[in-house]
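A.B. asks: could you work out the structure for the sequence below:
(one chain, ligands or ions: 1)
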Amino acid sequence: MYDFIIIGAGMGGLTVGSLLAQVGKKVCLVEALKKPGGCAHSFKKGDFSFCASVHYLHIEGKENYLDELLKKLNLENEILLERLDPSACDVFSCPSQKLRFTLPNKTEKFYPKKHFRHFVQSMAHRIEHTAGCCVSYKTQISKVHISRGKIHSISTTDGREFSGKNFIVNMDAQKFSKMMGPHHFPKSFQEKLQYHYSTSAYSVYLGMEGINLSDYGFGKNLVWHSPHFDVRKVFHRGQKECDLKNPWFLMSTPSLYSASEDDSMCPKGACILQIVTTCRYELFANALRQGEDSYSHLKNLVLNSILDVVETFYIPNLRKHLKQITAGTPTTHARQ
Ligand SMILES: Cc1cc2nc3c(=O)[nH]c(=O)nc-3n(C[C@H](O)[C@H](O)[C@H](O)COP(=O)(O)OP(=O)(O)OC[C@H]3O[C@@H](n4cnc5c(N)ncnc54)[C@H](O)[C@@H]3O)c2cc1C
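C.D. replies: So this is what the prediction gives:
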């Protein structure tokens, strides 16, 4: 019998799971997908390897909880963090109004020196290599069994059952509560479970060759592009009016942050540019419901409008250097 069954091997489940394994608890992580990381998983396209979500890790205040976590897991020499340029970490750029300046910085921003996948895998290995602990992939829980107000086991879509003394939920709490029956929770908690989902994201992953991004104003920093100085208006247009023809977006260049340490990100001399903007989940979910053609049309429309802006204002001939290009919509990012 496990001390803890943790549902979901996202960053949350991996963090709590590896900490519990480290102090001798018998832990079993059950994950619906075939690899760890959840939203922060990595994927390969040709010779390029991308992290699906993380552009930076930020630490606010004096307590460096990330250092503390890595020390507790004895991973401080394994997962080294590169600090992004403290004097110009976030650059605001509004080319239409010829504005480019460094934003005041209250937080420190970091990125792992090795690929983000290494960070995720190191935590998963901590659990897998501890006696009595395991991570079970391709294990989607679908039923919760309760007796006397306490969960005693969960069962999976393929008919397996996992029992434990304690259960920790890293999947969406709203979905889990529906599976379990919301009446099992106190009223005050049921109210908390009525939360609205946050805005979603549209991501672009570019693998490039024959170009040095440092020659185009990129470095160990993040460039926040806005089509207009009034960022609220821009955000509103994207969210409320679902206008993604000329969105704001963030550009990050992970291969410039950790180039010296890691060659698993892209081939030598190649580079990666990742771009993300926010948008509403329903926009893409509706297009998907209408069929593959509507969805692909919308996906390509947003992709091309972003690439056009990058090519116009930041990297002329961008498309000539592209070796890999892929985009993730809100429905791609959605986890289970
Ligand atoms: C596009 C994008 C960009 C982002 N950029 C950044 C950034 O730059 N910096 C940053 O710090 N954060 C960033 N984030 C946020 C960050 O990625 C997330 O906050 C974090 O990864 C969430 O981790 P989690 O463990 O809470 O949840 P998740 O990653 O959602 O993990 C939940 C896990 O539960 C599993 N699961 C769900 N249902 C079941 C089930 N029934 N049975 C078994 N398993 C199940 C899922 O497969 C998943 O692996 C970004 C997120 C997105 C989407």
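A.B. asks: need the per-residue pLDDT for L222.
C.D. replies: Predicted confidence (pLDDT) for L222: 95.
A.B. asks: beta partners of it?
C.D. replies: Counting by DSSP bridges, L222 is bridged to D90.
A.B. asks: list the residues that contact it.
C.D. replies: L222 makes contacts with H55, Y56, L84, C89, D90, V91, K109, L250, M251, S252, as judged by Cβ atoms under 8 Å, 6 or more residues apart in numbering. Any C-beta I mention is one placed from the backbone N, CA and C, and that applies to glycine too.
A.B. asks: let me see the ranges of the helices in this protein.
C.D. replies: Taking DSSP state H as the criterion, the chain carries its helices at 11-22, 65-72, 116-128, 173-180, 187-192, 231-239, 254-257, 281-290, 292-313, 318-321, 330-333.
A.B. asks: deepest in the core, which of those helices is it.
C.D. replies: helix 254-257 (a mean of 24; mean count of other Cβ atoms under 10 Å).
A.B. asks: what residues does that one touch?
C.D. replies: 51, 55, 82, 84, 111, 113, 116, 213-214, 218-220, 265-266, 270-272, 274.
A.B. asks: hmm, back to that, nearest to the ligand, of the helices of the chain?
C.D. replies: helix 11-22 (3.2 Å; Cβ to the nearest ligand atom).
A.B. asks: so that closest one versus helix 65-72, what angle?
C.D. replies: 30 degrees (axes from the mean of the first three to the mean of the last three Cα atoms, to 10 degrees).
A.B. asks: what about the ligand: which of the contacts of L222 touch it?
C.D. replies: Among the contacts of L222, the residues within reach of the ligand (Cβ under 6 Å from any ligand atom) are H55, Y56.
A.B. asks: check which residues of stretch 192-210 are buried.
C.D. replies: Buried residues in stretch 192-210, defined by neighbour count with 16 or more other Cβ atoms under 10 Å: S200, A201, Y202, S203, V204, Y205, L206, G207, M208, E209.
A.B. asks: which one of those sits closest to D47?
C.D. replies: Nearest to D47 among these: G207, at 7.2 Å, using Cβ to Cβ.
A.B. asks: I figured the closest one hits L213, correct?
C.D. replies: No. Counting by Cβ atoms under 8 Å, G207 does not reach L213; the two are 12.0 Å apart.
A.B. asks: overlap of the contact sets of the two?
C.D. replies: With Cβ under 8 Å, 6+ apart as the test, G207 and L213 both reach C271.
A.B. asks: now what about stretch 298-313, what contacts it?
C.D. replies: 93, 95, 202, 204, 225, 227, 244-247, 249, 251, 273, 275, 277, 279, 283-284, 287, 317-319, 325, 327, 329.
A.B. asks: what is the neighbour count of N212?
C.D. replies: Neighbour count of N212, defined by other Cβ atoms under 10 Å: 11.
A.B. asks: okay, and the beta partners of the nearest residue to it once chain neighbours are set aside?
C.D. replies: The shortest distance from N212 to any residue other than its chain neighbours is 7.3 Å, reached at C271 (Cβ to Cβ, 6 or more residues apart in numbering). Taking DSSP bridges as the rule, C271 bridges to M208.
A.B. asks: surely C271 and L213 touch.
C.D. replies: Yes. Judged on Cβ under 8 Å, C271 makes contact with L213 at a distance of 5.3 Å.
A.B. asks: give me the more crowded residue out of these two.
C.D. replies: Ranked by neighbour count (other Cβ under 10 Å), C271 and L213 place C271 first, with 25 against 19.
A.B. asks: quick one, what contacts the more buried one?
C.D. replies: By Cβ under 8 Å, 6+ apart, the residues touching C271 are G207, M208, E209, I211, N212, L213, T253, S255, L256.
A.B. asks: which non-adjacent residue is nearest F48?
C.D. replies: F48 sits nearest to G207 (Cβ to Cβ, 6+ apart), 3.4 Å away.
A.B. asks: hmm, I was thinking of G238
C.D. replies: Per Cβ to Cβ, 6+ apart, closest to G238 is P247, 5.2 Å.
A.B. asks: spell out which residues of the stretch 101-250 of the chain are next to the ligand.
C.D. replies: Q140, I141, N170, M171, A201, S203.
A.B. asks: got JSON lines for those, with pLDDT too?
C.D. replies: Converted to JSON lines, those look like this (pLDDT from 0 to 100):
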{"residue": "Q140", "pLDDT": "97"}
{"residue": "I141", "pLDDT": "96"}
{"residue": "N170", "pLDDT": "96"}
{"residue": "M171", "pLDDT": "95"}
{"residue": "A201", "pLDDT": "94"}
{"residue": "S203", "pLDDT": "97"}
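A.B. asks: of those, which pair is most distant in space?
C.D. replies: I141 and S203 (27.4 Å).
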